[in-house]
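**Q** Just a sequence and a predicted model for now, questions to come.
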Amino acid sequence: MLQGLSAELLARIQFAFTVSFHIIFPAFSIGLASYLAVLNALWLRTKDQTYRALFDYWKKIFAIAFGMGVVSGIVMSYQFGTNWSVFSDKTGPVLGPLMAYEVLSAFFLEAGFLGIMLFGRERVGNSLHMFATAMVAFGTLMSATWILAVNSWMQTPAGYGMNDLGQFVPEDWWAIIFNPSFPYRLVHMVLAAYLTTAFVVGGVGGWHLLRNRADTEARRMFSMAMWMAVIVAPLQIFAGDMHGLNTLEHQPAKVMAMEGHYDSHPEGAPLILFGIPNPTEKRIDYAIEIPKASSLILKHDLNAPMLGLDTIPDEDEPPVFIVFWSFRVMVALGFAMMGLGAWALWRRMRGQLYEDRWLHRAAIAMGPMGFVAVLAGWITTEVGRQPFTVYGLLRTSDSLAPIAAPAVATSLVAFIIVYFFVFGAGTFYIMRMMAKPASTPKLGLRAGPIRTAGLTHAQQRTAHTGQNG
């Protein structure tokens, strides 16, 4: 099946496969860590046991997702030293310290407080436990910050020089970290992580509401998730628009591929909604488009001229078909998320948030769509950067290690088999845990005295025995 493919293409497929598995877990854990911090804070403030039950429910799922993210990240990082050793050599002076900062300042922060968050409440007390939970959430955000600084520098390099060995060397760390696309990419990714978590929580809540409409924990998690969708989905669409304008400024070829603009449009470019990219004929077949709408969106002027891929050398064009469709999948899911949030808001205002079974079914269907949107966004970003690893400066073909295609093919097949077995089993276990309802924790004497008025003497004795036992 893999015969006839070049070592470069196989290495790209292998990295795409491993990074696609990896990004799923950090995208979930970033949002879920913050959700856990909110739940714990609400429980400490209100003493409402529903929040405590939800915290205990989701922290177990977080622990598994966190562990799977760590394992998949380690495997992915080894490829920098095997398939992409030339890239590592040339960019190491810039990217190496950033990756080290991520481990030292973020991962250790997460891992150091994770045990306290999971197991330490009864040992350290509520205040320190809350601090540990907040540090885990902060650590996940810090991890995202450093990793996105690395990726953003590869997209919009700044603050570097070149030495005699052809290596990128740092000259201005502030410019390297806060490169032109970093703020937009960071906001877009963090909001995507929050939406991903919100729709998983909403899907689980919808699942349990279909089985028991009176489930207090399911009601609470569903309500919180739908509030998140109402607030964050529109913000994400706005952030995505701003990110697109930044990309147009610094990576115009990527935007041309996203928009399907093979030809330049001197008097306003159309917005191509759907079509089939034809790279041979350099056109979009069966295009459904809105005249001049692309110029209006990207330049806020109906008649603004837009350059096309006819201004880009063929060898520098990104793969239009992949970028064109991954971008549309991401945008379509973003609007679907906003639509579900609006639907939930309408039903909430009518007092039917927990009675609308079709809304609950829709939430279940949208549960995994955050992951799909994140993957589509990363495909748009990474494939749209091609044929460069460092945009405009280092080509992918010049970043590959001197490794034979059969060796890459063998490791790729091994990755596929092991990943689907290990991570498939982990994902199945997480889904099994999600299928079980959350329940209010039994806190013994700390829950307060049981009310026994109206019970017989035997019933009162049984109730107190159950509380104190």
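**A** Nice, thanks for sending it over. Here the structure is a predicted model, which means the values were calculated and not measured.
**Q** Do a quick rundown of the strands in the stretch 201-350 of the chain.
**A** Along the stretch 201-350 of the chain, the stretches classed as strands by DSSP state E, counting those that start in this stretch are 271-278, 283-290.
**Q** In the sheet, which strands lie alongside the first one, parallel or antiparallel?
**A** Just to be clear, that refers to strand 271-278. According to DSSP bridges, strand 271-278 forms sheet pairs with strand 283-290 (antiparallel).
**Q** what's the strand it pairs with in contact with?
**A** With Cβ atoms under 8 Å, 6 or more residues apart in numbering as the test, strand 283-290 has contacts from 260, 262-263, 270-278, 324. (C-beta placed from N, C-alpha, C; glycine too.)
**Q** Turn these into a markdown table, columns for pLDDT.
**A** Below are these laid out as a markdown table (pLDDT from 0 to 100):
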| residue | pLDDT |
| --- | --- |
| G260 | 88 |
| Y262 | 89 |
| D263 | 89 |
| P270 | 89 |
| L271 | 88 |
| I272 | 87 |
| L273 | 89 |
| F274 | 88 |
| G275 | 88 |
| I276 | 90 |
| P277 | 89 |
| N278 | 88 |
| F324 | 93 |
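**Q** who wins for most neighbours among the residues you listed?
**A** Most neighbours among the contacts of strand 283-290, by other Cβ atoms under 10 Å: G260, with 29 neighbours.
**Q** Any figure for the gap between L118 and D56?
**A** Computed with Cβ to Cβ, to the nearest Å, the distance linking L118 and D56 is 10 Å.
**Q** my bad, should have said F119
**A** Distance from F119 to D56, by Cβ to Cβ: 11 Å.
**Q** The two: who's more crowded?
**A** D56 (19 against 13).
**Q** Need the pLDDT of the more buried one.
**A** Looking at D56, its pLDDT stands at 90.
**Q** same question, F321
**A** So F321 comes in at 92 (pLDDT).
**Q** Now do it: how many residues are near it, please.
**A** 15.
**Q** That one touches P277, doesn't it?
**A** Yes: the pair F321 / P277 is scored as a contact, 4.5 Å apart, by Cβ atoms under 8 Å.
**Q** JSON lines for the contacts of strand 283-290, including distance to A11?
**A** JSON lines is the format used below for those (distance: Cβ to Cβ, whole Å):
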{"residue": "G260", "distance to A11": "28"}
{"residue": "Y262", "distance to A11": "28"}
{"residue": "D263", "distance to A11": "33"}
{"residue": "P270", "distance to A11": "37"}
{"residue": "L271", "distance to A11": "35"}
{"residue": "I272", "distance to A11": "32"}
{"residue": "L273", "distance to A11": "35"}
{"residue": "F274", "distance to A11": "32"}
{"residue": "G275", "distance to A11": "31"}
{"residue": "I276", "distance to A11": "28"}
{"residue": "P277", "distance to A11": "25"}
{"residue": "N278", "distance to A11": "28"}
{"residue": "F324", "distance to A11": "24"}
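**Q** quick revisit: any chance of the strands of the stretch 201-350 of the chain in a markdown table, plus distance to L104?
**A** Converted to a markdown table, those look like this (distance: least, Cβ to Cβ, whole Å):
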| stretch | distance to L104 |
| --- | --- |
| strand 271-278 | 44 |
| strand 283-290 | 47 |
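**Q** of all these, which lies closest to G139?
**A** strand 271-278 (40.6 Å; Cβ to Cβ).
**Q** Relative to the whole chain's centre, how far out is the closest one?
**A** 26 Å (Cα atoms, centre = their mean, to the nearest Å).
**Q** Now for this protein, the helix or strand with the poorest mean pLDDT.
**A** helix 457-468 (a mean of 42; mean pLDDT, DSSP states H and E).
**Q** Let me see the contact set for A239.
**A** Applying Cβ under 8 Å, 6+ apart, the residues contacting A239 are 184, 187-188, 191.
**Q** right, I mislabeled it, should have said T197
**A** Counting by Cβ under 8 Å, 6+ apart, T197 touches 28, 30-32, 34-35, 370.
**Q** Looking at the residues you listed, which two lie furthest apart in space?
**A** S34 and G370 (14.3 Å).
**Q** Between these two, point out the one with more neighbours.
**A** Each of S34 and G370 has its neighbours counted (other Cβ under 10 Å); G370 has more, 26 against 21.
**Q** For the stretch 301-450 of the chain, give me the ranges with low pLDDT.
**A** 440-450 (pLDDT under 70).
**Q** Centre of the chain to the longest helix seen in the chain, how far?
**A** Ranked by residue count, the top helix of the chain under DSSP state H comes out as helix 7-46. Computed by Cα atoms, centre = their mean, the separation of helix 7-46 from the middle of its chain amounts to 6 Å.
**Q** which of the residues in that helix are buried?
**A** 7-8, 10-15, 18-40, 42-43 (16 or more other Cβ atoms under 10 Å).
**Q** Now do the buried residues in the next helix or strand after that helix.
**A** Using DSSP states H and E, the helix or strand that follows helix 7-46 in sequence is helix 49-78. Buried residues in helix 49-78, defined by neighbour count with 16+ other Cβ under 10 Å: 49-59, 61-66, 68-73, 76.
**Q** for stretch 221-228, same thing?
**A** 221-228.
**Q** and which of the residues you listed is nearest I364?
**A** Nearest to I364 out of the buried residues of stretch 221-228 is F222 (Cβ to Cβ; 10.7 Å).
**Q** Test my guess that the closest one contacts L209.
**A** Yes: applying Cβ under 8 Å as the test, F222 and L209 come out as touching, 6.0 Å apart.
**Q** who touches both of these two?
**A** 354, 360.
**Q** The residue nearest to H261 when sequence neighbours are not counted: how many residues sit nearby?
**A** Spatial nearest neighbour of H261, chain neighbours left out: G308 (4.2 Å); criterion: Cβ to Cβ, 6 or more residues apart in numbering. Per other Cβ under 10 Å, the neighbour tally for G308 reads 18.
**Q** give me every residue that touches the residue nearest to I297 when sequence neighbours are not counted.
**A** Leaving out its chain neighbours, the residue that sits closest to I297 by Cβ to Cβ, 6+ apart is L271, at 6.6 Å. By Cβ under 8 Å, 6+ apart, the contact list for L271 reads 259, 289-290, 293-294, 296-297.
**Q** partner residues bridging L271?
**A** What pairs with L271, by the bridge criterion (DSSP bridges), is I290.
**Q** What is the neighbour count of the closest residue to R121 other than its chain neighbours?
**A** Excluding the flanking residues, the one nearest R121 by Cβ to Cβ, 6+ apart is H129, at 4.5 Å. Applying other Cβ under 10 Å, we find 20 residues neighbouring H129.
**Q** Also I364?
**A** I364 has 18 nearby residues by other Cβ under 10 Å.
**Q** Could you report the distance from it to I23?
**A** I364 is 23 Å from I23, where distance means Cβ to Cβ.
**Q** tell me the SS of P402?
**A** What DSSP: H, G, I helix; E, B strand; the rest coil gives for P402 is coil.
**Q** distance of it from D89?
**A** In terms of Cβ to Cβ, P402 sits 12 Å off from D89.
**Q** So for those two, which residue has more residues nearby?
**A** D89 (16 against 7).
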